[in-house]
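Student: any chance you can model this:
(chains A and B)
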Amino acid sequence: MGRMIITQQMEEIVRPLGPESLLLRGARLKNTKEIFGVAIYTGMETKMALNYKSKSQKRSAVEKSMNTFLIIYLIILILEAIISTILKYTWQAEEKWDEPWYNQKTEHQRNSSKILRFISDFLAFLVLYNFIIPISLYVTVEMQKFLGSFFIGWDLDLYHEESDQKAQVNTSDLNEELGQVEYVFTDKTGTLTENEMHFRECSINGIKYREINGRLLLEGPTPDSSEGDLSYPSSLSHLNNLTHLTTSSSFRTSPENETELIKEHDLFFKAVSLCHTVQISSVQTDGIGDGPWQSNLAPSPLEYYASSPDEKALVEAAARIGVVFIGNSEETMEVKTLGKLERYKLLHILEFDSDRRRMSVIVQAPSGEKFLFAKGAESSILPKCIGGEIEKTRIHVDEFALKGLRTLCIAYRQLTSKEYEEINRCLFEARTALQQREEKLADAFQVVEKDLTLLGATAVEDRLQDKVRETIEALRMAGIKVWVLTGDKHETAVSVSLSCGHFHRTMNILELINQKSDSECAEQLRQLARRITEDHVIQHGLVVDGTSLSLALREHEKLFMEVCRNCSAVLCCRMAPLQKAKVIRLIKISPEKPITLAVGDGANDVSMIQEAHVGIGIMGKEGRQAARNSDYAIARFKFLSKLLFVHGHFYYIRIATLVQYFFYKNVCFITPQFLYQFYCLFSQQTLYDSVYLTLYNICFTSLPILIYSLLEQHIDPHVLQSKPTLYRDISKNHLLSIKTFLYWTILGFSHAFIFFFGSYFLIGKDISLLGNGQMFGNWTFGTLVFTVMVITVTVKMALETHFWTWINHLVTWGSIIFYFVFSLFYGGILWPFLGSQNMYFVFIQLLSSGSAWFAIIIMVVTCLFLDVVKKVFDRQLHPTSTQKAQLTETNSGIKCLDSMCCFPEGETACASIGRMLERVIGRCSPTHVSRSWSASDPFYTNDRSILTLSTMDSSTC
Amino acid sequence: MTWSATARGAQQPDNTAFTQQRLPAWQPLLSASIALPLFFCAGLAFIGLGLGLYYTSNSIKELEYDYTGSLDTGNCSACAEADQDGAPPPNCSCALNFSLPEFFQGPVYFYYELSNFYQNNRRYSVSCDNAQLSGFPSALRQPVNDCAPYQYGAAGLPIAPCGAIANSLFNDSFSLWHELPPSGPYVEVPLDRTGIAWWTDNHVKFRNPPLVNGSLALAFSGTAAPPSWPRPVYELSPDPNNTGFVNQDFVVWMRTAALPTFRKLYARIRQGNYSAGLPRGNYSVHVTYNYPVRAFHGRKLVVFSSISWMGGKNPFLGIAYLVVGSLCILTGFVMLVVYIRYQDQDDEDDSDD
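Tutor: You can find the predicted model right below:
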């Protein structure tokens, strides 16, 4: 806050400095070549930097449960270590075990303090068992999230052709959260609607008109005109005039026509074309940047730019009618009325703000008269009016709103020069005030914007986006509650809600609006709650407005939440941006802790996008603020269904399995090690060689799960999208519930027991397993356990996989083969740089034993037997709807072999293999198998039913 | 705004199978109709294999004789009594008699078995120096610290081979005698003491240090024998190819066992009249009883076993196959019942709809 004193030609000019003169970091200069400015701050607390920081704080539900599991495993680890340490010392109490003659201690070991030994033993056990904590899990999860998030950007179904925008992923941390959404909060303008305003109707002086092709037509028999309320004869006459005009020639085509617009119209449209902040850019249009509106405004090279599309639509409409806004230079605004140029001196702009909900300008007409034109929401203009057809206009405005049109009221005030002097001084003082400038400005605006004469109202249509109704319907079927949060007025909001399917006719719509006091509000809430409990058959919709909401939230939070939770659709109108965020926070911290998702397109949605668990930005017409601050940005609302039902579902399944599997495989890995301690006097002897210990998580078992977590599709994506109810199967973090977690953990332990005791009983009293009578040692025993484990764990992954592409085949079977090849290589050489040669020829000796092969087979089968039985029975006895959908899904009929030898490059790669095979075998002719994906799918947006690989080579090898 | 994007579709993602997640894929479903035949087939196959394995294992003969000796009765009790206070007197020998009622099909393998002996104890199993055993002269004189307290001898000389494993080398020796004509004199059954260690261990992993002036003894000069050994390592066997670090008994011992009860191969009986097996009759094992086990409640056994392709006698594998096979079939039947019952129900449900 401050003021700037410019000394220009010995004259001091005082200008205000305030937040509106501040350019935030990241702003871009438009419409002017240069400005002079002072950098006042560049550090980490600029808005951009702050926004940047706050984004990374979101953590998904999966990550949270992952941490819970980690704590459980940490407890298991410490318990195992404590048990081992205690048992070790119980054993060691007797000297014959602690220090038999064949295994003496050194002097140093004997003399070290008992407590120190105890601690070091405990730590040694911790190190021995630490692999139970899957550290590699975090690396894999990060990789999965980073790589997996590319699929969203790559998806053609999320690509909007008209605007050439693909989906954007700003954070990859929340991919799986997309599959967990329970509440969707959506903005209306620009999100559900196109944010492409079209001037449709207006009410001038109590008479309704409809605009068609630049002509104003009287709207058909309206209730008030049929009532015979013709108190305004001139309107009739001018109507005749107008119809005459429009039938003979339009205003635009005959600019030389001397016919004047009647006074009210003239003033109305002048107000419209003067009271705005539209900028003009008269660039030559060269075909690339043709906006959709330009076809309507063919002869004009003018392009209007406005921060608000409503204003743009209004100015364009005025231009079509004949009052063309030419431009503003310095302090004048040029308007061409029916070809006649008029210059208005712009004296003051009283900027729009969301509290006043109106803006006004003070201009000086060429005649020297000074006018104040005001434009704003009807609730903020009508109370200030003292003249004009207030009542009729109010009725019209409500009618417009019922049609879902956005309304603005226009009013004016003629100022005498004395009044103007007063106003000028008043405004200047407020603007340059150093203290409480905002309050003073608000006061000054109060003073200025009064005693208005109402001119009329405008109605602008904002078309609904494509497929909004279907998307909302699908969201509801998926068990997601949709809340629409809008700044629009109640009637507009309700009618849009109805037209977009958010509310439907069968719904019982409850209202909580216009609450003035606390007690009233509470009473109303109680009443609503009662109504809900009385008839729970019908679905309920709730309409709340901003003021009632703030009342409800202040005192009766619980009651309000109770009501909201029972409503399947909630509409909040007249909301301030911060209120939106507050509503989301309330839902977030309610006892069920639901996962919320916010969709918005404008800067006013940023706070709610950041507040929600998942923030989706619509890359719309209101700048990229929302898209930049969101977690995911998409071009259209309808893409939400694919984003949630397909991508969200997949990501959730993938990562949930990934997490569970990682814990499972590490339990399998380390439990035999723990069991072995019972047979080696708890001496911390490792069962596996150290190289195997290191490579288990890095090489032998890492790739299949990573590839699974990138490519798995347990159901066809089209089925997922056409059956949103499947989304309910994974709600509430179902796959990471304690029950599932326990299942996997117990599975891991039982597998570990099978590996260990299977091998133990196989060795029995250490009988020979070789045909030449020679004996195995401890390393062979460990390697046997390890081999069974690698195979079992990999095949278990194979059992989980439903989607076998050639990559899956490669990594799954490749992992097992790699283990064998590596082990043969590792054991085949005496490595000069390794201290211990424990593994020399161990693996080869193991493989040369027939019994070992039979044992490996039986142990792997036994391990997976339980799992297969459970899977089959589950599917047979209590199939989830997902599993049912898998059955009905039309399998593309791709056989196992096809998926292996068909490369994505299609014909070329496969043909070469085919040729090779042909040469080798002499037959195997490649035949074309055609596969097409159902083009009749209702959700099929992009016309690409036949993909590049739809006809594909499949060598019948 | 986006209208001014330079070219149409500049942002358009690639339409490839991979980016659109449409790679051709095989999508198997683990449904009952697949699992049922699988279970029956696997069950039958496993039962078949199990029977085969079980009979193979049953056809293998195994004889065990405990010769630890207790304080009052049993074989080698005298030696065991001497064992009371630590080590038995050197070269306490005793005999162990048994008779074979029928022909013991060969080739017969001769094992010794120790119980309660923790070769897998961490401190024990790391107590050796691989470099030394590979014959590096530098390591011969400077054993690794893991070998302590068997690293340097009393005189400060480095121990070769160092470490607890080598020091505790099993030093009972056996010879087998057969009463050739019944109640006649005993003749010695030839024991083949070669081929008892892994070929790679014996020929690659374990090497003697390079000979000095053609003498192994000189190569080991400046080292001490392990404290429990009565003679240095280069005198383990008179056979020059079987002494030092490559002595087969030593190599066998150095491969530490996985479990506290373990067997080690002592000899193969495959020469002369005994190559086909041991004929029926009376036998006697002459034991040179040196190794003390009573201190840790251990037992010592001699084991005669024939060997098949699957190794020694081990009924576990066969039983495991039989059990899993029958479980498969049992589950298959249960599944069949459930499948039929629920199939009907599903049909009814569908018709209700």
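Student: CA atoms for contacts and neighbours, from now on please.
Tutor: Noted.
Student: find the residue at the geometric middle of the chain.
Tutor: All of this is about chain A. Nearest to the geometric centre of chain A sits residue A:616, at 3.4 Å (Cα atoms, centre = their mean).
Student: the intended chain is chain B.
Tutor: residue B:257 (6.3 Å).
Student: which residue sits closest to it, ignoring its sequence neighbours?
Tutor: residue A:777 (4.3 Å; Cα to Cα, 6 or more residues apart in numbering or on different chains).
Student: can you map out the strands along chain B?
Tutor: B:62-66, B:92-100, B:104-105, B:108-114, B:173-179, B:186-189, B:262-269, B:277-278, B:281-289, B:300-306 (DSSP state E).
Student: counting neighbours, what do you get for residue B:213?
Tutor: 9 (other Cα atoms under 10 Å in any protein chain shown).
Student: from memory residue A:611 sits against residue A:585, does it?
Tutor: Yes - Residue A:611 lies in contact with residue A:585 (Cα atoms under 8 Å); the separation is 6.7 Å.
Student: out of these two, which sits in the busier spot?
Tutor: Set residue A:611 next to residue A:585 and count neighbours by other Cα under 10 Å: residue A:611 wins out with 23 against 16.
Student: how about that one, what does it touch?
Tutor: Residues near residue A:611 by Cα atoms under 8 Å, 6 or more residues apart in numbering or on different chains: A:581, A:584, A:585.
Student: in what helix or strand does the first one lie?
Tutor: Meaning residue A:581. helix A:577-588 (DSSP states H and E).
Student: which one's the longest helix in the chain?
Tutor: Answering for chain A, as no chain was given. Counting by DSSP state H, the longest helix found in chain A is helix A:61-92.
Student: switch to chain B, please.
Tutor: Longest helix in chain B, counting by DSSP H: helix B:315-352.
Student: buried residues in that one, which are they?
Tutor: B:315-322, B:324-329, B:331-332, B:335-336, B:338-339 (16 or more other Cα atoms under 10 Å in any protein chain shown).
Student: among the residues you listed, which are in reach of chain A?
Tutor: Among those, the residues that sit close to chain A (Cα under 8 Å from any Cα of the partner chain) are B:316, B:317, B:320, B:321, B:324, B:331, B:335, B:338, B:339.
Student: name all residues that make contact with residue A:720.
Tutor: A:645, A:646, A:726, A:727.
Student: check residue A:96 too.
Tutor: Neighbouring residues of residue A:96 by Cα under 8 Å, 6+ apart: B:295, B:296.
Student: for it, give me phi and psi.
Tutor: Dihedral pair for residue A:96: phi -60, psi -20, per degrees, to the nearest 10.
Student: skip the chain neighbours and tell me the closest residue to the closest residue to chain A within chain B.
Tutor: Taking Cα to the nearest Cα as the measure, chain B has residue B:258 as its residue closest to chain A, at 3.5 Å. Distances taken as Cα to Cα, 6+ apart place residue A:778 nearest to residue B:258, at 3.5 Å, with adjacent residues excluded.
Student: contacting residues around that neighbour?
Tutor: A:687, B:120, B:255, B:256, B:257, B:258, B:259 are the contacts of residue A:778 under Cα under 8 Å, 6+ apart.
Student: okay, those in a markdown table with distance to residue A:376 and pLDDT next?
Tutor: Shown next, in a markdown table, are the contacts of residue A:778 (distance: Cα to Cα, whole Å; pLDDT from 0 to 100):
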| residue | distance to residue A:376 | pLDDT |
| --- | --- | --- |
| A:687 | 79 | 93 |
| B:120 | 87 | 91 |
| B:255 | 92 | 93 |
| B:256 | 91 | 93 |
| B:257 | 90 | 93 |
| B:258 | 87 | 93 |
| B:259 | 88 | 92 |
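Student: nearest to residue A:368, of those?
Tutor: Nearest to residue A:368 among these is residue A:687, at 99.1 Å by Cα to Cα.
Student: my guess is that closest one contacts residue A:780, does it?
Tutor: No - if you go by Cα under 8 Å, residue A:687 and residue A:780 don't touch, sitting 9.4 Å apart.
Student: just to revisit the earlier point, if we go by neighbour counts, what in the helix holding residue A:581 is buried?
Tutor: Per 16+ other Cα under 10 Å, helix A:577-588 contains these buried residues: A:577, A:579, A:580, A:581, A:582, A:583, A:584, A:585, A:587, A:588.
Student: residue B:153 - how many residues pack around it?
Tutor: Counted with other Cα under 10 Å, the neighbours of residue B:153 add up to 17.
Student: show me the contacts for residue A:795.
Tutor: residue A:812.
Student: where's it, which helix or strand?
Tutor: Taking DSSP H and E as the criterion, residue A:795 maps to helix A:778-800.
Student: alpha carbons only: can I get that helix in PDB?
Tutor: Extracted in PDB, the C-alpha atoms of helix A:778-800 (Å, rounded to 0.1, in the frame of the first residue of the first chain):
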ATOM      1  CA  ASN A 778      25.200 -75.800   4.300                       C
ATOM      2  CA  TRP A 779      25.500 -73.600   1.200                       C
ATOM      3  CA  THR A 780      23.800 -76.100  -1.000                       C
ATOM      4  CA  PHE A 781      21.000 -76.300   1.500                       C
ATOM      5  CA  GLY A 782      20.600 -72.500   1.400                       C
ATOM      6  CA  THR A 783      20.800 -72.500  -2.300                       C
ATOM      7  CA  LEU A 784      18.100 -75.100  -2.600                       C
ATOM      8  CA  VAL A 785      15.900 -72.900  -0.400                       C
ATOM      9  CA  PHE A 786      16.800 -69.900  -2.400                       C
ATOM     10  CA  THR A 787      16.100 -71.500  -5.700                       C
ATOM     11  CA  VAL A 788      12.700 -72.700  -4.600                       C
ATOM     12  CA  MET A 789      12.000 -69.200  -3.300                       C
ATOM     13  CA  VAL A 790      12.900 -67.400  -6.500                       C
ATOM     14  CA  ILE A 791      10.800 -69.700  -8.600                       C
ATOM     15  CA  THR A 792       7.800 -69.600  -6.300                       C
ATOM     16  CA  VAL A 793       7.900 -65.900  -5.800                       C
ATOM     17  CA  THR A 794       8.100 -65.300  -9.600                       C
ATOM     18  CA  VAL A 795       5.400 -67.800 -10.400                       C
ATOM     19  CA  LYS A 796       3.200 -66.300  -7.700                       C
ATOM     20  CA  MET A 797       3.600 -63.000  -9.500                       C
ATOM     21  CA  ALA A 798       2.600 -64.800 -12.700                       C
ATOM     22  CA  LEU A 799      -0.500 -66.100 -11.000                       C
ATOM     23  CA  GLU A 800      -1.400 -62.500 -10.100                       C
END
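Student: before we move on, back to that, closest to residue A:64 out of the contacts of residue A:611?
Tutor: residue A:585 (18.4 Å).
Student: what is the burial count for residue A:782?
Tutor: Residues within reach of residue A:782, counting by other Cα under 10 Å, total 21.
Student: now it: how far from residue A:486?
Tutor: 65 Å (Cα to Cα, to the nearest Å).
Student: before we move on, what about residue A:60?
Tutor: 27 Å.
Student: which one's more surrounded, the two?
Tutor: When residue A:60 and residue A:486 are compared on other Cα under 10 Å, the one with more neighbours turns out to be residue A:486, at 24 against 19.
Student: that concludes my questions; thank you for your assistance.
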